[in-house]
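> predicted model and sequence follow; I will ask about them next.
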Amino acid sequence: MNKRMMIYLSENQNITDFMRLHIKNTINKRYKIKHLAEDMNVSYPMMNRFINSKPVGQHFFVQWFDYFSKDFVD
C-alpha cells in the first residue's frame, strides 16, 4: 500500500514550518497537544520540543508523516 501526500510550500516556508502549522491547525480547546502526541505515538515532551523549534529525532518525523498521511492512501 502506497501513501502519497502533496505538500505545497511558499517561497519562504520550509517543511518543518508546514508541519508546525498543520499541528497548530489540528489542535483546539478539546483536542490538545498531549492528545495529538498520544495519537501520533510520540511523547508529549518530544511534541513540545518540535512545536517550540527545538531539535527532535527522526522518529518524530516518521510518526508525523504516518499520522497525517493516513487520509491519503492510494
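Yes, it's here.

> what does the helix or strand hosting Asn25 rub up against?
With elements taken from DSSP states H and E, the one containing Asn25 is helix 15-26. With contact meaning Cβ atoms under 8 Å, 6 or more residues apart in numbering, helix 15-26 is reached by Ile7, Leu9, Ile33, Leu36, Met47, Phe50, Ile51, Ser53, Trp64, Phe68. Every C-beta, even on glycine, is put in place using the N, C-alpha and C of the backbone.

> what's the distance between Tyr12 and Met6?
You called it Tyr, but residue 12 is Asn. 19 Å (Cβ to Cβ, to the nearest Å).

> repeat for Thr26
18 Å.

> same question, Ile15
Distance from Ile15 to Met6, by Cβ to Cβ: 13 Å.

> neighbour-wise, which of these two wins?
Ile15 (10 against 5; other Cβ atoms under 10 Å).

> can I get the helix holding Asn25 in CSV, CA atoms only?
Extracted in CSV, the C-alpha atoms of helix 15-26 (Å, rounded to 0.1, in the frame of the first residue of the first chain):
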residue,chain,number,x,y,z
ILE,A,15,8.9,21.6,5.7
THR,A,16,9.1,22.0,9.5
ASP,A,17,7.1,25.3,9.2
PHE,A,18,4.5,23.4,7.3
MET,A,19,4.4,20.6,9.9
ARG,A,20,4.1,23.0,12.8
LEU,A,21,1.3,24.9,11.1
HIS,A,22,-0.5,21.6,10.4
ILE,A,23,-0.2,20.6,14.1
LYS,A,24,-1.4,24.0,15.2
ASN,A,25,-4.4,23.8,12.9
THR,A,26,-5.2,20.4,14.3
